[in-house]
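Engineer: Okay, sequence plus prediction incoming.
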Amino acid sequence: MAVLSIISRTASRRGVRALGVASASVALALGSAGSALACDISEFSAAAVCEGDKGVITVTDVDPAGIPATVTVYLQNNGADAEKIGEQVVEGSREGSTITFPADWKPNAEYRVHVRADSYVDEDIKPNLVTPSTSCETEDTPTPTPSESSSTPTEETETPAPAPSTSAPSTSAPSPSESIAPAAVPSNAPSPAAGESNLAETGANSNTGMIVGIAAALVAVGGAAVFFGLRRRGANSDR
């Protein structure tokens, strides 16, 4: 009997110990699972992105438990909150749940993102969010102005008309009265004969014709006198 009693006590102690080990294992597993399902700041991330030509700030929650969390965004200036951008509630998911804040951020601006979930988390996302150095606004491309080479041929060859001169007319230009030759005045004197006009052109005197006529008459008279003289002399010699 004593031996059986000892064996029973030993078996009971071993059973209790085994039950205690099993209970501890279950408790540890449940604790690990609870910690894994709890909301944590590492499950939140923030980014500055563009939507068209406007800037926005997005916050993503990958908490698989889907515990509601309040996210607040502040614009920083010299390490202090300068402006509250907005506040929203997000419920995380394993794939990730994203909320958007229309901040229209400027390049190299700094924002503080705070996350608060009751009994789970109440802190900022570290480090603070710094926006990119390039803004979302797209610069308009200036329209090229037409160069001189692109002008039409008519514009290139067209010569501007000279401006009217305002200076006084030159005194050397002949007046209308000087430039027009005066009309010939009719004369009552007879026109010179053709011969006279030729002689006048060569510089001869206008009395040359009359002198030639007188000389011819004298020659004829002299010849006649010589003829009659010779005839009379012949007649006298025949007697």
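Structural biologist: All right, it came through fine.

Engineer: Quick one: low-confidence residue ranges for the chain.
Structural biologist: The model of the chain has pLDDT under 70 over residues 1-38, 138-206, 236-239.

Engineer: Which residue ranges of it form helices?
Structural biologist: 2-37, 153-157, 176-179, 194-202, 208-238 (DSSP state H).

Engineer: how close does A103 get to S45?
Structural biologist: 16 Å (Cβ to Cβ, to the nearest Å). C-beta: built from backbone N, CA, C; applies to glycine.

Engineer: quick one, which of these two is more surrounded?
Structural biologist: Neighbour count, other Cβ atoms under 10 Å: between A103 and S45, A103 has more, with 21 against 15.

Engineer: That one contacts E51, correct?
Structural biologist: No. Under the criterion of Cβ atoms under 8 Å, A103 makes no contact with E51, lying 10.7 Å away.

Engineer: Endpoints of stretch 101-116, how far apart?
Structural biologist: 17 Å (Cα to Cα, to the nearest Å).

Engineer: List the buried residues for it?
Structural biologist: F101, A103, W105, A109, E110, Y111, R112, V113, H114, V115 (16 or more other Cβ atoms under 10 Å).

Engineer: Just give me the closest of these to G66.
Structural biologist: Proximity of those to G66 (Cβ to Cβ) peaks at V115, which lies at 14.5 Å.

Engineer: count of residues packed around E51?
Structural biologist: For E51, the tally of surrounding residues (other Cβ under 10 Å) stands at 12.

Engineer: any idea how far it is from P68?
Structural biologist: In this structure, E51 and P68 are 25 Å apart, going by Cβ to Cβ.

Engineer: got it, and D124?
Structural biologist: The gap separating D124 from P68 is 18 Å, by Cβ to Cβ.

Engineer: Then A220?
Structural biologist: 165 Å.

Engineer: The two - which one has more neighbours?
Structural biologist: Neighbour totals were compared for A220 and P68, and P68 leads with 14 against 10 (other Cβ under 10 Å).

Engineer: so G92 makes contact with V71?
Structural biologist: No. Using Cβ under 8 Å, G92 makes no contact with V71, being 10.8 Å away.

Engineer: what do the two both touch?
Structural biologist: Common neighbours of G92 and V71 (criterion: Cβ atoms under 8 Å, 6 or more residues apart in numbering): D61.

Engineer: ok, longest strand in this protein?
Structural biologist: When the chain is parsed with DSSP state E, its longest strand is strand 80-91.

Engineer: and it, what does it pack onto?
Structural biologist: In terms of contacts (3 or more Cβ pairs under 8 Å, 6 or more residues apart in numbering; DSSP states H and E), strand 80-91 is packed against strand 54-61, strand 68-77, strand 97-101.

Engineer: If you compare the directions of it and strand 54-61, what angle comes out?
Structural biologist: 60 degrees (axes from the mean of the first three to the mean of the last three Cα atoms, to 10 degrees).

Engineer: I'd like to check the angle between strand 80-91 and strand 97-101, please.
Structural biologist: Comparing the axes of strand 80-91 and strand 97-101 via the same axes, to 10 degrees yields an angle of 140 degrees.

Engineer: Show residues contacting strand 80-91.
Structural biologist: Under Cβ under 8 Å, 6+ apart, the answer for strand 80-91 is 57, 59, 61, 66-76, 97-99, 101-103, 111-112.

Engineer: Could you report the distance from I67 to D122?
Structural biologist: Distance check for I67 against D122: by Cβ to Cβ, it reads 13 Å.

Engineer: Just want to know which of the two has more residues nearby.
Structural biologist: The neighbour count for I67 versus D122, taken as other Cβ under 10 Å, is higher for I67 (20 against 13).
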